[in-house]
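Participant: generate a structure from the sequence data that follows.
(one chain, ligands or ions: 2)
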Amino acid sequence: MGIPVFDNLVEGVRKGSLIVFAGPPGIGKSVFIRYAVLNVLSNSGKVVYIVFDEDPTGVLADLTSAKNISIDEIKNRVLVLDGFLVRVPGLEESEYTAVDPMNPIEALNTMYNVVKPHASEIKLLVIDSINEIILRNEPGIVLDFIKGLKGLCKRYNIISVIVLHTGIPGLDQIYSAMEYLSDSFVEMGFDPSLEQLGIPLRRLRVRKLKGASHSLDWVPYTIGKGGKIMVVDIKKIMESVRTALAELKTLTTEKR
Ligand SMILES: Nc1ncnc2c1ncn2[C@@H]1O[C@H](COP(=O)(O)OP(=O)(O)OP(=O)(O)O)[C@@H](O)[C@H]1O
Ligand SMILES: [Mg+2]
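Facilitator: Residues are numbered from 1 along each chain as shown. Ligands and ions are numbered 1, 2, ... in the order given. You can find the predicted model right below:
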């Protein structure tokens, strides 16, 4: 997949799998997705990129600078479905194919129409994020959308990677449904024990993967310059913990 950390935790990913990256804001979901897209761009093949959370022009510009290739080549290989600009009132018509998050079944049809002519070349389909569909529709419709997406990707052997924002109250049922419908579920979050000590450490684990073995370990990671994902050295974490505990000790001594 070309996704750091994840690739090392799994034996492999079956073609046609649906992978969910779930986590709170700022944890790095979009950064991980970007790696998967850049990996396809480094090899051969096309990507369908369904953008709900930001201006697709920014997403394409980001990919262009990361790969140092022309915007025309990016547009030829990254087929954007725009679910963002389509809802901004007063904007001129978007240059991208529109998908309406309020109408997931029509969105599925649009996805089929975009995928079909390029099916043999498309290696990856990404959605950032699925919450737009979840928040605007009945749970039953959301499940129909996910099942339809699974059907589409299985038929054409396309791996799909979906971003799911967690931590929104009242969505627990749909989060569980997303987990059982997915072929692979990646849980991301800040380490709760270290967070209490004031050390914000990102980590992820693969909770499930159909059809291949995988590790269940949490792996701590950090995001460096240019959005580079790096595995955190456990020794460095221990040093931070020791410093935090020493500061705590000084504070309690001073209080006495
Ligand atoms: N190009 C970049 N250069 C440096 N750091 C970056 C870059 N892109 C992202 N980051 C860092 O990674 C963090 C996570 O970014 P990302 O957008 O992937 O989070 P996310 O989980 O998708 O958040 P959200 O739920 O808000 O969409 C950012 O807060 C920032 O610190
Ligand atoms: Mg994001």
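
Participant: secondary structure class for Pro4?
Facilitator: Following DSSP: H, G, I helix; E, B strand; the rest coil, we place Pro4 in the coil state.

Participant: shouldn't it be in contact with Val232?
Facilitator: No. Taking contacts as C-beta atoms under 8 Å, Pro4 lies outside contact range of Val232: 11.9 Å. Just so you know, the C-beta spots here come from the backbone N, C-alpha and C atoms, and that holds for glycine as well.

Participant: identify the contacts common to the two.
Facilitator: Shared contacts of Pro4 and Val232 (C-beta atoms under 8 Å, 6 or more residues apart in numbering): Tyr221.

Participant: quick check: the residue nearest the centre of the chain vs ligand 1, distance?
Facilitator: Geometric centre of the chain, nearest residue: Val163, 3.6 Å, by C-alpha atoms, centre = their mean. Distance of Val163 to ligand 1, computed by C-beta to the nearest ligand atom, to the nearest Å: 7 Å.

Participant: now do Ser17
Facilitator: Ser17 is 21 Å from ligand 1, where distance means C-beta to the nearest ligand atom.

Participant: ranges for the helices of this protein?
Facilitator: Under the criterion DSSP state H, the chain carries helices at the ranges 6-9, 29-42, 56-67, 71-77, 104-115, 131-136, 139-155, 172-181, 192-196, 234-255.

Participant: ligand 1 is nearest to which of those?
Facilitator: Among these, the nearest to ligand 1 by C-beta to the nearest ligand atom is helix 29-42 (3.3 Å).

Participant: for that closest one, packing partners?
Facilitator: strand 18-23, strand 46-51, helix 56-67, helix 71-77, strand 122-128, strand 159-165, strand 229-231 (3 or more C-beta pairs under 8 Å, 6 or more residues apart in numbering; DSSP states H and E).

Participant: and the shortest one, does that touch ligand 1?
Facilitator: No. Counting by C-beta under 6 Å from any ligand atom, ligand 1 has no neighbours in strand 229-231; the shortest distance is 8.8 Å.

Participant: next one: the longest one
Facilitator: No. Remark: helix 56-67 sits outside contact range of ligand 1, by C-beta under 6 Å from any ligand atom, the gap being at least 7.3 Å.
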